[in-house]
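A.B. asks: Generate a structure from the sequence data that follows.
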Amino acid sequence: MRRTGSLVRRTLAVSTAGVLAATVQAGPSLAATPGPAPVVSRGVTIPVFYNPPATLPPSNGTLVRTEPLPLGLSLPGLDGRPLPGKATRLMYKSTDSNGKPVAVTGAYIEPSAAWKGTGPRPLVALASGTMGQGDQCAPSYALQNPLTLTGDTMSVSYEDLAVYRVLATGAAVVVTDYVGLGATDRLHTYVNRLDEGHALLDAARAAHAVPGASITARSKVGLYGYSQGGGASAAAAELQPTYAPDVHLAGTYAGAPPADLTAVMKGIDGSALVGALGWSINGFAQSDPALRRLVDANINTAGKAALKDMSTMCVGDVLLKYGFTSSTKWSVSGKPIADILPAFPDAQAVLDKQRIGTLKPAGPVRLTTGVKDDIVPHAQARQLAVDWCRKGGNVSYVPVDLPNLGDKTLLNHFAPLLLDQGDAVTWLTDRLTGKPTTSTCKTLPSQP
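C.D. replies: Model prediction:
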């Protein structure tokens, strides 16, 4: 067993456990699901619930199975109902970027808080920020296990804050695990806009069939996501009119969206989160045989070993083992991977297909980006706002201008998430209550 970053892991374990100790509530063991034996990812046994069946239902958003999901952070309410709500683990059918059926997992949370707006209780489909590529990193698994810390892996459920903030408004929440994150039949297809957009929209569809869900066919739907999640919610807003017109989309929050992967690859290369470069390569190589061949020909032995290693890692793992590594160490030519792939037409075609901003988003969108963000570069996120405005989108563009908190350290990327989160939840709640919003496209030219 590998023992990487043991001192850092012990320090993080002590500090994080101190924060969680007061609120962590141990849940009962998951009921066994018939089927293949459970998968073990970096020492973590993945519940057999996450093993997809051999066949899937024909319709997108159809539930495959459900089971109770004990929330790791929960408190008993005065009325006997758990706070912030009652959670259900989901598996549902979606369609991947190759047009093939795929099983996706996630979670639905019925809030204890009452909805005080007009109309039926709304639903927020939440796309998590980057968690990793190992199945133990899945957002639904993290809702039950806010801190996974072993000698082989480390995952922190940092999106719980956003989930619980939304639940406090009285809106229900459905969280997608994305394609291949949690579900054990394939690798997670990291930042694949079609896979992510479909998975998020189909999660909204699946939520309506969850036993005990109070949302109705008339419930308004909001999309929420930051970073990887911002790309997923942005892609879903573009795809909704054609892929899921039955989803009553009222508004979308897209924070720090990776809209242009060519630019994003350059941002994350050599950064603390360089592992995200590996996850994207792994995912796209799995989906596209032509790219697989290019990777095999241009990645050296050390790079191939790193890609395989990262395929089962969570964010904490890649930060500790690969943080600030240059991809020049992984290429046959010694050039950065971000310079190699675009030189091949097949690879550039894959990147171009992933571009967000070629379609007009449905409904109003709040697009937030940190002006100093150098991981998911600010310029390409701002360009998405420009592209959407040119297409007539209703865009509320919010640049978050903070001091430079450290190049390539993730701080310039993470700080805007925390600073803007309250306003983002309020903005989205206003859309769910039916309040109108005015586009800021006219003032965009004067904004950083």
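
A.B. asks: What about Lys100, how many residues nearby?
C.D. replies: 10 (other CB atoms under 10 Å). Yep, even glycine has a C-beta here, placed from its N, CA and C like the rest.

A.B. asks: And the pLDDT for it?
C.D. replies: On pLDDT, Lys100 comes in at 98.

A.B. asks: Next, give phi and psi for Gly334.
C.D. replies: As for Gly334, its main-chain torsions (degrees, to the nearest 10) stand at phi 80, psi 10.

A.B. asks: Run through the residues that contact it.
C.D. replies: Thr328 (CB atoms under 8 Å, 6 or more residues apart in numbering).

A.B. asks: in what helix or strand does Ala114 lie?
C.D. replies: Under the criterion DSSP states H and E, no helix or strand holds Ala114.

A.B. asks: any idea how far Asp160 is from it?
C.D. replies: 21 Å (CB to CB, to the nearest Å).

A.B. asks: Among the two, which residue is more densely surrounded?
C.D. replies: Neighbours were counted for Ala114 and for Asp160 using other CB under 10 Å; Asp160 has more, 20 against 8.

A.B. asks: hang on, isn't the more buried one packed against Leu143?
C.D. replies: Yes. Between Asp160 and Leu143 there is a contact under CB atoms under 8 Å: 7.0 Å.

A.B. asks: end to end, how far does stretch 244-252 reach?
C.D. replies: End-to-end distance of stretch 244-252: 15 Å, with CA to CA, to the nearest Å as the criterion.

A.B. asks: Could you list the residues in contact with that stretch?
C.D. replies: 60-61, 122, 201-202, 204-205, 218-224, 233-234, 236-237, 240, 361-366, 427-428, 430-432, 434, 437.

A.B. asks: got it, and stretch 396-415?
C.D. replies: 227, 256, 270-273, 319, 324, 364-376, 378, 382, 385, 389, 416, 419-420, 423, 427, 437-441, 444, 447-448.

A.B. asks: per-residue confidence for the residue nearest the centre of the chain?
C.D. replies: Centroid check for the chain by CA atoms, centre = their mean gives Ser128 as the closest residue, at 3.1 Å. As predicted, Ser128 sits at a pLDDT of 98.

A.B. asks: With the one 3 residues further on instead?
C.D. replies: As predicted, Met131 sits at a pLDDT of 98.

A.B. asks: how much space between the closest residue to it other than its chain neighbours and Phe344?
C.D. replies: In this structure, Met131 finds its nearest non-sequential neighbour in Cys137, 4.2 Å apart by CB to CB, 6 or more residues apart in numbering. Remark: distance between Cys137 and Phe344 (CB to CB) = 30 Å.

A.B. asks: got it, and Val175?
C.D. replies: 36 Å.

A.B. asks: out of those two, which sits in the busier spot?
C.D. replies: Comparing Val175 with Phe344 by other CB under 10 Å, the one with more neighbours is Val175, at 30 against 16.

A.B. asks: Now do the helix or strand the more buried one falls within, average pLDDT.
C.D. replies: Assigned by DSSP H and E, Val175 belongs to strand 172-176. Averaged over strand 172-176, pLDDT sits at 98.

A.B. asks: List the contacts of that strand.
C.D. replies: Under CB under 8 Å, 6+ apart, the answer for strand 172-176 is 85, 90, 104, 106-111, 121-128, 139-140, 143, 159, 163, 166-167, 199-200, 202-204, 206-207, 213-215, 219, 232.

A.B. asks: Buried among those? Make that a ChimeraX selection.
C.D. replies: To isolate the buried members of these in ChimeraX, using 16 or more other CB atoms under 10 Å:
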select :85,90,104,106,107,108,109,110,111,121,122,123,124,125,126,127,128,139,140,143,159,163,166,167,199,200,202,203,204,206,207,213,215,219,232
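
A.B. asks: What's the end-to-end length of stretch 292-306?
C.D. replies: First residue to last in stretch 292-306 (CA to CA) measures 15 Å.

A.B. asks: May I see the buried residues of that stretch?
C.D. replies: Leu294, Val295, Asn298, Ile299, Gly303, Ala306.

A.B. asks: circling back to that earlier point, intersection of neighbour lists for Asp160 and Leu143?
C.D. replies: By CB under 8 Å, 6+ apart, no residue touches both Asp160 and Leu143.

A.B. asks: one step back: just the buried ones from the contacts of stretch 244-252, in ChimeraX syntax?
C.D. replies: To isolate in ChimeraX the members of these that are buried, counting by 16+ other CB under 10 Å, one can use:
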select :60,61,122,201,202,204,205,219,220,221,222,223,224,233,234,236,237,240,361,362,363,364,365,366,427,428,430,431,432,437
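
A.B. asks: what secondary structure does the nearest residue to Leu444 once chain neighbours are set aside sit in?
C.D. replies: Leaving aside its sequence neighbours, Leu444 sits nearest to Tyr397 (CB to CB, 6+ apart; 5.4 Å). At Tyr397, secondary structure determined by DSSP: H, G, I helix; E, B strand; the rest coil is strand.
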